[in-house]
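Chemist: Generate coordinates for the sequence data below:
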Amino acid sequence: EDTARARGAALLRALDRLFDDDDDDESDDESDDEDSEFASSLRSLRWIPTLREDDLEVEPLAPRRLDGRSSVRSPRESRPSEDAWLCSASASLVARHHLPRAGRVLDLLGWSADIEPGVVARQLAALDAALADLVDD
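Modeler: Numbers count the residues shown, from 1 in each chain. Below is the predicted model of the structure:
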């Protein structure tokens with residue numbers, strides 16, 4: 001798993017360099033189709049290193065998706081750690097130091113899109129359950 005995490009981090013850095021925001025070349029329709037297929041593949045494969053249970057980057061009171069599985073996820077299963085309060089109960093979180101800076105990469109991975117309302121609703125339910133646990137203790 002450590003090897004997969006290291007390779008995922010290296011791929012994120014490579015994509016960030018490849019799609020640097022300073023490179024605003026115009027593309028044709030064929031290139032857009034290739035980008036769409038590429039983005040779909042990137043979003044569906046598990047290669048993103050995400051925070052583990054013992055990582056302290058996220059607020060300790062934020063609900064966490066801890067299901068005992070691998071800490072390598074697909075971009076669809078993960079979000080930047082800055083979105084923790086909106087989706088940490090149902091999405092694995094990507095550490096700040098792994099986040100790409102290029103907006104195009106964030107777009108390709110789906111991380112610049114708004115979080116779906118159902119995900120936010122699950123987060124609110126998890127926060128309510130956590131609060132109930134704190135009050136009961």
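Chemist: Distance check, Val105 against Pro63.
Modeler: 27 Å (Cβ to Cβ, to the nearest Å). For every residue, glycine as well, the C-beta is placed using N, CA and C.
Chemist: hey, where'd the helices end up in this structure?
Modeler: Assigned by DSSP state H, the helices in the chain fall at 2-18, 29-44, 84-87, 103-109, 117-136.
Chemist: Mind pulling up the pLDDT for the residue lying closest to Ser78 once chain neighbours are set aside?
Modeler: Using Cβ to Cβ, 6 or more residues apart in numbering and skipping residues adjacent in sequence, the residue nearest Ser78 is Ser92, 4.5 Å away. pLDDT for Ser92: 91.
Chemist: Next, count neighbours for Ser92.
Modeler: Counted with other Cβ atoms under 10 Å, the neighbours of Ser92 add up to 25.
Chemist: Identify the residues contacting it.
Modeler: Ile48, Thr50, Leu51, Arg65, Ser71, Arg73, Glu77, Ser78, Arg79 (Cβ atoms under 8 Å, 6 or more residues apart in numbering).
Chemist: gap between it and Ala39?
Modeler: For Ser92, the distance to Ala39 equals 19 Å [Cβ to Cβ].
Chemist: likewise His97?
Modeler: Separation of His97 from Ala39 (Cβ to Cβ) stands at 23 Å.
Chemist: try Arg73
Modeler: The spacing between Arg73 and Ala39, counted by Cβ to Cβ, is 16 Å.
Chemist: And the two? Which one has more around it.
Modeler: Neighbour count, other Cβ under 10 Å: between Arg73 and Ala39, Arg73 has more, with 22 against 17.
Chemist: The more buried one against Arg46, yeah?
Modeler: Yes. With contact defined as Cβ atoms under 8 Å, Arg73 reaches Arg46; the gap is 5.6 Å.
Chemist: Spatially, what comes nearest to Ser88 if we skip its sequence neighbours?
Modeler: That would be Ala62: by Cβ to Cβ, 6+ apart, it lies 4.8 Å from Ser88.
Chemist: If you could redo that for Glu77, that was the one I meant.
Modeler: Closest to Glu77 by Cβ to Cβ, 6+ apart is Ser92, at 5.8 Å.
Chemist: I appreciate the help and will end here.
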